[in-house]
Structure formats: structure tokens, C-alpha cells
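Visitor: with the sequence up front, the predicted model follows.
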Amino acid sequence: MKISVIGSGYVGSVTAACFAEVGHEVICVDIDKRKMDQINEGIPPIYEEGLGELLQKHAGKNLTATTDYESAIRKTDISFICVGTPSAEDGSIDLSIVRAATTSIGAVLAKKEGYHVVVVKSTVVPETTEKFVIPLLEESSGKIAGKDFGVAMNPEFLREGKAVYDFMNPDKIVIGAIDQKSGDLVSKLYETFKCGVTRTNPSTAEMIKYANNSLLATKISFANEIGNICKRLKINTYEVMEAVGKDSRISPKFLNSGVGFGGSCFPKDVKALIGKAKEIGYSPVLLESVIEVNEKQPILMTEILQRKIGNLEGKKVAVLGLAFKNETDDIRESRAIPVIAELLRLGAKVSAYDPMAIENMRRIFPTVEYFGKARDALQGTDACLVMTEWDEFKQLDSEFEAMKEKIVIDGRKVINSKKVDYEGLCW
Ligand code: NAD
């Protein structure tokens, strides 16, 4: 099939490359010309394992990129909206980018002959496809959804860092369509995928994505709450949660306590669902607590540090790990951000290392000293805070000898070294 993918960020570029890999003809559309040039040259616009190989294989053949909506939509049968849906200032969803993309698609549909299906893949709160996207498409195209063109909602569940693998091997595919014809066309795209397809309506599909992410975020905040209680009782929370996870009704995943969840999805999606719930007159106390626990965890890191070494004024503190999780260069909502901000506020001098995310973090904290090796960031420091679960941090050992005081607060339970006095956030 011929597919346009609108937005070439973490989701769009992976969606485009993977659809190309399974044999479809794909055109990427983004307002960022640099990204389009990169894709046309087979260079990934973001770091994601396996993406480079797919782009090298398909760029210029069955995968091309353009900033021109018209040429892409005209040549394709189906368009996936994969643009960002950030938080507005009050935490509710900001649909301005979805609005811009939808209107641009609608303007081409106005002139295009033949049936075309518009699929919302961006994470949007329930009712967005039916009450926001469809009216906009109808207004900008002068055509009628369900008659002149199709509409569906197909949420994405991939994890950054494993995005290509997850896209190709999903646990589930959810398609919420306004009618049989739109849903059938989207289903056809996934014909070769092994997992089953859940067919439903757009609002249910939208809600499945929010319920999914909110439950995962809830598990993390729950584990952190238990961890914070355990720490005060001198109980090893990891031993506790390992046993809890053996209950087949629970599963051991997402039960590691630590410095909390970051990234472009969990914080914003839980907040967006809170915003939607309030808009319809419901007070989501559990979801609000999930966010509250998560926002307190990074501050606990600097509190433990102060208990150990006192006033941070003039102290040299290394921060290991800047990405919100391992295997990505993405720092959106990284827990390292509030921790570095607090260290700087308290007068500490911060040196930092991350295998991939330094350039992104430099834009937020230009005064932090960044190093290309963990050992160099640790040199002469009074303490170290570990913020990301990079595999290479598990091997750190002699590197800690470079520290002045060997005090490490591990926010992710990754350090194994016997050379330091390390303390966990929750144990
Ligand atoms: P992103 O910010 O990395 O990418 C968005 C892209 O859209 C950018 O390249 C941007 O230049 C482009 N863009 C902005 N305005 C545009 C316009 N008018 N027309 C065309 N392109 C435009 O975002 P992302 O992380 O890929 O997330 C996209 C959506 O997918 C969000 O709704 C997000 O919640 C959801 N999602 C993300 C993940 C994830 O792990 N990142 C996982 C599942 C779902």
C-alpha cells in the first residue's frame, strides 16, 4: 500500500521505516526540512536501535521524505498522523500540532480524487478523533468523513530504545475506526504482523492507550511509594517487590523503585488524562497521586545527598545518566533535569556524563561541565548521582577511584562496584 507518515520524530520515523520494511511504499512528511534531508540520505533523525539499517535499506527506494503535504497525500491511500501532542501549561493535552497537521491534510483532500483514510497515531485523549480531528478534516476539505474519506485511530505502544523491535513485534494492535471500510484498510497494513488486532471505535482506542500508560506509571509510583516506606524501615524493597512480582496476577515488570518515570509519554499522558477527567467533572485522585509521587522522587535524591555530605554549596557532584532511560538520546522529562536544577540551585558544581544524551542536555543546562567518559565526570567529585539505567554503568568500578569522596546515590539500582559507599534511593 501507499502510505504518508506525517511527523518524523520517534514514532513517525520508526513507523515509516517499519512499514517500508514490510513492503509498503512510504512517504514521510515533516515541517523540519533537515529531518527530511536526513531520511532521504538514509540517516536517522533520532537515535533508535536498528533504525539506521532500515533507512539505509529503503531510503530513495520505497521510502522517501518531503516537506510538501500535497505531493505526499496525493500519491498515497492512507495517512498516519504521528506529530507530537505535548502538555499545555495546565497539564491538559495541547492539540495545536495535531490541528496544523490535520488542516494541512484536509486542504489536500479537498483537491484529491479517490478514497483516502486518515489515521491518528499520535496519542490523543478520548473523543479527539471524533470531536476534533473529523470536524477539522471536514471543514478544511469540504468533504464528509465516512462518505468521501475514512478515519481511524491506531495508538502506538512502542518503547523508545526498542522502538523498531516493538513496532515489528507488538503485543497488540488497536484499530478504532469510524466505519468498516476505514478499519479494514488499516487492518490490511498489519496483515503480516503476528499479534491479533483489536477492532473498536476511535474513543475506545484512544482510551486504551491512556489506560495502558497510566497503569504502567501507576505501577512505578506504587513501587516508589513502597520503596520510600521500606527505606525508612530498613527493609530491602527489591526483595519485597521481587516476591510480590511472582504473583501471576501482578507480573514483576515495572515494579523497580527508583527515581521515577520520565520521557515524552508517561508524565504527559497521565497529566492529559487527568485534564480530560476534570474537563468532564471527574476528580482522578489516584492519577494525581501517581504524578505527585513521581515528582517527589528526584528531590529525595538531593535530600539523601545533603544528609550524607551536608551543604552542597561549592561541592562537586557528578551526574551519571541524562537520558530519561537507557538506549535513547531523549531527555524529555528526564529525572536528571529536576535533579540537576536542584543541585545548581543549592550551589553545587555539576559534571555530567551520558553515552548519548549530552548534546540534548547541554541545551537545557549550558553551564554544566559535560564529559565523554564516566571516569572524567567523576574526577575529583564529592559525590555522584546515578540517574539512568545504562548497561555500561553496571560495569563501573575502578572509575570511582577518581572521586574525592566515594559517595554514590544510585537512583536506578545499577551500580555493582565494591569501591564506593553507594546508597539506593529506596533501599
Ligand atoms: P516527536 O516530537 O519526536 O516528533 C514529532 C514530529 O512532528 C517532529 O519531527 C516535528 O518536526 C513534526 N511536526 C511538527 N509539526 C508538524 C506538522 N505540522 N506537520 C508535519 N510534521 C510536524 O514526537 P514523538 O515522540 O514521535 O511522538 C509523536 C506522538 O506519538 C505523540 O502523540 C506521542 O505521545 C506518541 N507516542 C510516542 C511514543 C514515544 O515513545 N516517543 C510512543 C507511543 C506514542
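Guide: The structure has been received and is ready for your questions.
Visitor: show me what from the protein comes close to the ligand.
Guide: Within the chain, the residues that sit near the ligand (CB under 6 Å from any ligand atom) are 6-12, 29-32, 35, 82-85, 97, 100-101, 122-123, 156, 158, 160, 264-265. Any C-beta I mention is one placed from the backbone N, CA and C, and that applies to glycine too.
Visitor: could you pick out which of the residues you listed are located in strands?
Guide: Secondary structure assignment by DSSP state E places 6, 29 of the residues of the chain next to the ligand in strands.
Visitor: and the residues of the chain next to the ligand, which of them are buried?
Guide: Applying 16 or more other CB atoms under 10 Å to the residues of the chain next to the ligand, the neighbour count classes 6-12, 29-31, 35, 82-85, 97, 101, 122-123, 156, 158, 160, 264-265 as buried.
Visitor: any idea how far residue 367 is from residue 88?
Guide: 29 Å (CB to CB, to the nearest Å).
Visitor: between the two, which is the more surrounded one?
Guide: residue 88 (14 against 9; other CB atoms under 10 Å).
Visitor: doesn't residue 118 fall inside a helix?
Guide: No - under DSSP: H, G, I helix; E, B strand; the rest coil, residue 118 sits outside any helix and is assigned strand.
Visitor: state the pLDDT value of it.
Guide: Per-residue pLDDT puts residue 118 at 98.
Visitor: burial measure for it, as a count.
Guide: 28.
Visitor: pretty sure it contacts residue 79?
Guide: Yes - Residue 118 is in contact with residue 79 according to CB atoms under 8 Å; the separation is 5.3 Å.
Visitor: so for those two, which residues contact both of them?
Guide: Common neighbours of residue 118 and residue 79, using CB atoms under 8 Å, 6 or more residues apart in numbering, are residue 105.
Visitor: and whichever residue of the stretch 301-427 of the chain sits closest to the ligand, how many neighbours does it have?
Guide: Per CB to the nearest ligand atom, residue 330 is where the stretch 301-427 of the chain lies closest to the ligand, at 7.2 Å. Residues near residue 330, counting by other CB under 10 Å, number 23.
Visitor: same check on residue 362?
Guide: Count around residue 362 with other CB under 10 Å applied: 15.
Visitor: wait, doesn't it sit right on residue 370?
Guide: Yes - contact criterion CB under 8 Å: residue 362 and residue 370 qualify, at 6.1 Å.
Visitor: pLDDT score for the residue of the chain at minimum distance from the ligand?
Guide: As assessed by CB to the nearest ligand atom, the ligand sits closest to residue 9 within the chain, at 1.8 Å. Listed pLDDT for residue 9 reads 96.
Visitor: over to the closest residue in space to residue 127 that isn't next to it in sequence. Which of the three states is it?
Guide: Among residues not flanking residue 127 along the chain, residue 203 sits closest, at 5.4 Å (CB to CB, 6 or more residues apart in numbering). Put simply, residue 203 is helix when judged by three-state DSSP.
Visitor: roughly how far apart are residue 203 and residue 153?
Guide: 8 Å.
Visitor: who's in contact with the nearest residue to residue 19 once chain neighbours are set aside?
Guide: Closest residue to residue 19 apart from its sequence neighbours, by CB to CB, 6+ apart: residue 26 at 5.1 Å. Shown in contact with residue 26 (CB under 8 Å, 6+ apart): 2-5, 16-17, 19-20, 58, 62-64.
Visitor: again with residue 275
Guide: Contacts of residue 275 (CB under 8 Å, 6+ apart): 88, 90-93, 125.
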